[in-house]
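Visitor: model this:
(one chain, ligands or ions: 2)
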Amino acid sequence: MLVTGAAGFIGANFVLQALQRDPDLDITVIDALTYAGNRASLSTVEDRITFVQGDIADRELMDKLVADTDLVVHFAAESHVDNSLDDPSPFITSNIIGTFSILEAVRKHGKRLHHISTDEVFGDLELDSPEKFREDTPYDPSSPYSASKAASDHLVRAWIRSFDVQATLSNCANNYGPYHHVEKFLPRQITNILTGQRPKLYGAGVNVREWTHVDDHNAAVLLILEKGKIGETYLIGSGEERQNKDVLTELLDVMGQPADAYDFVPDRPGHDLRYAIDSTKIRNELGWAPQYSTLREGLEATVDWFRGNEWWWKPLKEQTEAKYAKLGR
Ligand code: NAD
Ligand code: TDX
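Guide: Residues are numbered from 1 along each chain as shown. Ligands and ions are numbered 1, 2, ... in the order given. Below you'll find the predicted structure:
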């Protein structure tokens, strides 16, 4: 198996889970080690994988790596919306050209591909609407990040239809868990509290996200690899929808802080209001269900992880907050 972007948050957790389930798996990781990649996230399995530092947009390299594998699981991407608003350029190269380069390699060598994507490709929903995203919801991305992911999904679908590439796709809601970069909402607030800084809520904090533990996301990906139908897309989401201010209040409670111990900061431009997933298809067809039954349970486990793994996140914290200070958020 070739796993792209596995020095990042979800990819690293995927490799750890896959090797836990099948210790004999032969895994090669390709990762460019951008600011978001950290080899230390794979330190417990370092001697059981082959690690290649490289760019997925490098056609020659991807051709060589794909020729030597049976299956590609494609996580690598620029993943942070705020960064894409500051400088969209790497999002175009990594997310669009990078996916194109992988598609050309799997087409040439006749290899199976699973493409990881996001619910953000559908745009956003009204706060009070009963609507949720489904596999056939039209694409309507808002940010340079989501537009680049939408483009990558379109490329995968086109390669399936035009060239008979053997691929599946999945679009997951917001993940959280161990090895999550401190630029993202939950790890930023957890590590703010752990370093004596106040959490930062964008705008009025009314935006809604659906929170899925990374292990539940990756269990779904493993199920798709095992039982998914070629050419199909699967939406993945826990159903745990919350307004950001309510997530923060719950987190403050988990961490023993007063409910109002946070600051409001200026909103993200173009901030998507609400994401929500109808995950009936993967639940009914593949039998997936999240193991974390509530966000609270997942939050407690995640806070414990960040408390116990300061060595992992501390070196990233100062530079990440310096970036936010420049953005005024
Ligand atoms: P991340 O930013 O933590 O990790 C991305 C990894 O990809 C990093 O290790 C980085 O070095 C690597 N990378 C980036 N550009 C590369 C390139 N050109 N060549 C090789 N490697 C490169 O991201 P994540 O949160 O783990 O997201 C993984 C995937 O899941 C992405 O495709 C993202 O769109 C998708 N996704 C994320 C979430 C979420 O909540 N984080 C939800 C749904 C889908
Ligand atoms: O400090 C913050 N304060 C705040 O209120 C940060 C960093 C974020 N927010 C808000 C913005 C969002 O409404 O919290 C929500 C979550 O923010 P992010 O963690 O930046 O995630 P989001 O923009 O929702 O995108 C995430 O989920 C979908 C991932 O980063 C994407 O890679 C994934 O595709």
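Visitor: For residue 27, grab phi and psi.
Guide: phi -110, psi 130 (degrees, to the nearest 10).
Visitor: you'd agree it is up against residue 19?
Guide: Yes. Contact between residue 27 and residue 19 holds when scored by CB atoms under 8 Å: they sit 6.9 Å apart. C-beta here means a position set from N, CA and C on the backbone, and glycine is covered the same way.
Visitor: Which residue of those two possesses the greater neighbour count?
Guide: Neighbours per residue (other CB atoms under 10 Å) separate residue 27 from residue 19, with residue 27 holding more: 21 against 17.
Visitor: so how far is residue 321 from the residue lying closest to that one once chain neighbours are set aside?
Guide: Spatial nearest neighbour of residue 27, excluding adjacent residues (CB to CB, 6 or more residues apart in numbering): residue 49 at 4.7 Å. Computed with CB to CB, to the nearest Å, the distance linking residue 49 and residue 321 is 32 Å.
Visitor: picking up where we left off before, mind checking pLDDT for the residue nearest to residue 27?
Guide: pLDDT, residue 49: 98.
Visitor: Near ligand 1, which residues of the stretch 101-250 of the chain are found?
Guide: Selection of the stretch 101-250 of the chain residues close to ligand 1 by CB under 6 Å from any ligand atom yields 116, 118, 149, 172, 174, 175, 181.
Visitor: Now that the fifth one has come up, it's in contact with residue 213, right?
Guide: Read that as residue 174. No. Counting by CB under 8 Å, residue 174 does not reach residue 213; the two are 10.4 Å apart.
Visitor: which residues touch the residue nearest to residue 27?
Guide: Contact analysis of residue 49 by CB atoms under 8 Å, 6 or more residues apart in numbering lists 15, 19, 27, 28, 29, 42.
Visitor: in the chain, which ranges drop under the pLDDT threshold?
Guide: Along the chain, the model assigns pLDDT under 70 to no residue.
Visitor: All the helices of it, residue numbers only.
Guide: In the chain, the helices defined using DSSP state H lie at 9-21, 59-67, 81-86, 89-91, 98-109, 144-163, 185-194, 214-227, 244-254, 280-286, 295-308, 310-327.
Visitor: Would you format those helices as JSON lines with distance to residue 206 included?
Guide: Shown next, in JSON lines, are these (distance: least, CB to CB, whole Å):
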{"stretch": "helix 9-21", "distance to residue 206": "26"}
{"stretch": "helix 59-67", "distance to residue 206": "42"}
{"stretch": "helix 81-86", "distance to residue 206": "17"}
{"stretch": "helix 89-91", "distance to residue 206": "26"}
{"stretch": "helix 98-109", "distance to residue 206": "33"}
{"stretch": "helix 144-163", "distance to residue 206": "20"}
{"stretch": "helix 185-194", "distance to residue 206": "14"}
{"stretch": "helix 214-227", "distance to residue 206": "25"}
{"stretch": "helix 244-254", "distance to residue 206": "7"}
{"stretch": "helix 280-286", "distance to residue 206": "27"}
{"stretch": "helix 295-308", "distance to residue 206": "17"}
{"stretch": "helix 310-327", "distance to residue 206": "20"}
